[in-house]
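Student: what follows is a protein structure lacking sequence information:
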């Protein structure tokens, strides 16, 4: 059982609610864990390959078919170039997302190296980021559906 469950409704546009948990022994650098309210859609948006967490610089998966795609955990999004972002990289530049992962829940972090506020995006869901995460994501990781880790979903988890 994971303690300190935080559920925030209305965090993202949509209808299905993601769940989230903050472990009792979490690092001091994590300010909060937020459950993102996501939309379950029939298929991943254009350009989002199977197995990846995808994100776009604008709301509503725009520009269509041109997302950032990550399949592993990444401590620093500033290493991923994106010419139409303010700093020419993905750090603090995503406005919408979709988790097209194979078996894990995506976790986005507002700080580099898995710090700041964490939000969970359930597999097969996505939408526009709320004000906490819009143009504020700096790293990502993965968790199991129960909020833990496994060989496929290596964390870190909030």
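Tutor: Looks like it arrived, so ask away. Everything quoted here is computed from the prediction, not taken from an experiment. Numbering: from 1, shown residues only.
Student: counting neighbours, what do you get for residue 119?
Tutor: By the criterion of other C-beta atoms under 10 Å, residue 119 has 28 neighbours. C-beta coordinates here come from the backbone N, C-alpha and C atoms, glycine included.
Student: scratch that, residue 134
Tutor: With other C-beta under 10 Å as criterion, residue 134 counts 16.
Student: can you give me phi and psi for residue 77?
Tutor: phi -70, psi -10 (degrees, to the nearest 10).
Student: need the pLDDT of it.
Tutor: Per-residue pLDDT puts residue 77 at 98.
Student: kindly report the same for the one 3 residues further on.
Tutor: According to the per-residue confidence, residue 80 scores 98 in pLDDT.
Student: which residue is the nearest non-sequential neighbour of it?
Tutor: Counting by C-beta to C-beta, 6 or more residues apart in numbering, residue 80 lies nearest to residue 90, which is 4.4 Å off, once chain neighbours are set aside.
Student: remind me which residues of the chain are low pLDDT?
Tutor: 1-39, 41-42 (pLDDT under 70).
Student: same thing but 80
Tutor: Residues of the chain meeting the criterion pLDDT under 80: 1-42, 65.
Student: how much space between the residue nearest to residue 80 and residue 145?
Tutor: From residue 90 across to residue 145, the span is 26 Å (C-beta to C-beta, to the nearest Å).
Student: between these two, who's got more neighbours?
Tutor: Neighbours were tallied for residue 90 and for residue 145 using other C-beta under 10 Å; the higher tally belongs to residue 90 (23 against 14).
Student: list the contacts of that one.
Tutor: 55, 68, 77, 78, 80, 81, 82 (C-beta atoms under 8 Å, 6 or more residues apart in numbering).
Student: same question, residue 56
Tutor: Residue 56 neighbours (C-beta under 8 Å, 6+ apart): 45, 62, 63, 66, 67, 68, 94, 95, 96, 97.
Student: rebuild those as CSV, extending it with secondary structure and neighbour count.
Tutor: Converted to CSV, the contacts of residue 56 look like this (DSSP: H, G, I helix; E, B strand; the rest coil; neighbours: other C-beta atoms under 10 Å):
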residue, secondary structure, neighbour count
45, coil, 19
62, strand, 14
63, coil, 12
66, coil, 14
67, coil, 27
68, strand, 23
94, coil, 26
95, coil, 19
96, strand, 22
97, strand, 30
